[in-house]
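Chemist: Task: produce atomic coordinates for the following.
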Amino acid sequence: MDIVKPTLILDKSACLKNIERMAKKAGKFNMEFRPHFKTHQSAKIGEWFRQSGVTAITVSSVSMAEYFASNGWDDITIAIPVNIHEISHIDRLASSIKINVLIENKEAANELKNRINNNLGVYIKIDTGYHRTGILSAKTSTIDSILEILRGNNNLGFKGFLSHTGHSYTANSVHEIHSRHFDALLKMRKLKQHYLKKYPNIKISMGDTPSCSICETFDGVDEIRPGNFVFYDYMQYKLGACRLEDIAVKMVCPVISKHRSRNEIVIYGGAIHLSKESITHVDGKAIYGRVIVNVDEKKVLLDELNYVSKLSQEHGIIRVTQKNFPLFNIGDFVEIIPVHSCLTANLVGKYLTTEGEEISIIPR
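Modeler: Numbering: from 1, shown residues only. So this is what the prediction gives:
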């Protein structure tokens, strides 16, 4: 297939290696591997996970659960607190497959108690430091009140406690990732121990990509749910979670303009392709992607002084050094390593593999 516009290229080989590596790590620590499919959002890529023995998955919405259920997945955790307006959809799914949901408040617990007619697994979401959603682990009285409500409907099965150490993404060092993971692990283990006598089968579910990639301490964890690892990205590389060769997606963009007076290259590839996700560059400014060019028929990653510095809707601006400015010509294709592959994949809506296969994601 000829590339004529911004196209997300997927290295299938790298992707499969990432899946196999994480599956082996889960097995090493006797944890269930329930990968988060919100990164790739593709039934085709989902099948690649089966090669590594995956039978249960995580998703980020009810509609995503419906999509993967229709593609043969029958054990799904919806890892976002219950939206009470979708309970009828959740109940319908629960009538045909195993579904787990998250709650963190009594209002949602009451709605589930009153409206669920099929077996449904329920995790209580715990805030271990990210401060996005969840109950603080020390608030056992709040947890007790939610559990009391759940006991009012025999279809609701308390599965355990689920957390996301999302603040690992803002860590400034590998040591800090280890520290945040271990702190979260201690909180979750203590909580499990507190309720284990009354609920002997409860599970601890954790799993952010940085911690799952780097850390080697998972005592007491029953399952992990990383998602971004399937592709990785420049953010994960800067965190130390992966090598450059592990990054499985790159956005190929045509060069459409050059401005030597500003040492800027303009590409057709903007915020609707790469997203507005950024990290802080070495010069203190935002970086939206690293740049790979062809030099003498070889792919070369330019140093950090050459990077995507600005994005508008369709345009991307690459700031380059004087030395590297001549490497770019109108009509050339450059490869951009995305800062956040999850958002990039969601925006583009499909992949072109290095083997020439076009792969679609969830229909919009």
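Chemist: hang on, residue 52 packs against residue 17?
Modeler: No. Shown here, residue 52 and residue 17 do not form a contact pair, counting by C-beta atoms under 8 Å, at 10.4 Å. For every residue, glycine as well, the C-beta is placed using N, CA and C.
Chemist: higher neighbour count, those two?
Modeler: Using other C-beta atoms under 10 Å, the more surrounded residue of residue 52 and residue 17 is residue 52, with 17 against 14.
Chemist: Can you classify that one as helix, strand or coil?
Modeler: Look at residue 52: counting by DSSP: H, G, I helix; E, B strand; the rest coil, its state is coil.
Chemist: That one: what's it in contact with?
Modeler: 19-20, 23, 33 (C-beta atoms under 8 Å, 6 or more residues apart in numbering).
Chemist: can we see that at 7 Å?
Modeler: Residue 52 is in contact with 19-20, 23, counting by C-beta atoms under 7 Å, 6 or more residues apart in numbering.
Chemist: now those in TSV, with secondary structure, distance to residue 313 and neighbour count?
Modeler: Listed next are these as TSV, based on DSSP: H, G, I helix; E, B strand; the rest coil; distance: C-beta to C-beta, whole Å; neighbours: other C-beta atoms under 10 Å:
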residue	secondary structure	distance to residue 313	neighbour count
19	helix	33	22
20	helix	38	15
23	helix	39	17
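Chemist: got a markdown table for those residues, with distance to residue 156 and pLDDT too?
Modeler: Listed next are the contacts of residue 52 as a markdown table, based on distance: C-beta to C-beta, whole Å; pLDDT from 0 to 100:
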| residue | distance to residue 156 | pLDDT |
| --- | --- | --- |
| 19 | 33 | 98 |
| 20 | 36 | 98 |
| 23 | 31 | 98 |
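Chemist: Which of these sits closest to residue 169?
Modeler: Residue 169 has its nearest neighbour among those in residue 19, at 20.7 Å by C-beta to C-beta.
Chemist: The closest one is in contact with residue 48, isn't it?
Modeler: Yes. Here residue 19 lies in contact with residue 48, judged by C-beta atoms under 7 Å, at a distance of 6.1 Å.
Chemist: for the strand or helix carrying residue 147, which positions count as buried?
Modeler: Using DSSP states H and E, residue 147 maps to helix 140-150. Of the residues in helix 140-150, those buried by neighbour count under the rule 16 or more other C-beta atoms under 10 Å are 143, 146-147, 149-150.
Chemist: Stretch 184-198 too?
Modeler: Here stretch 184-198 shows 184-185, 187-189, 191-192, 195 as buried, counting by 16+ other C-beta under 10 Å.
Chemist: Restricted to helices, list those residues.
Modeler: 184-185, 187-189, 191-192, 195 (DSSP state H).
Chemist: Of the residues you listed, which is the nearest to residue 158?
Modeler: residue 195 (8.9 Å).
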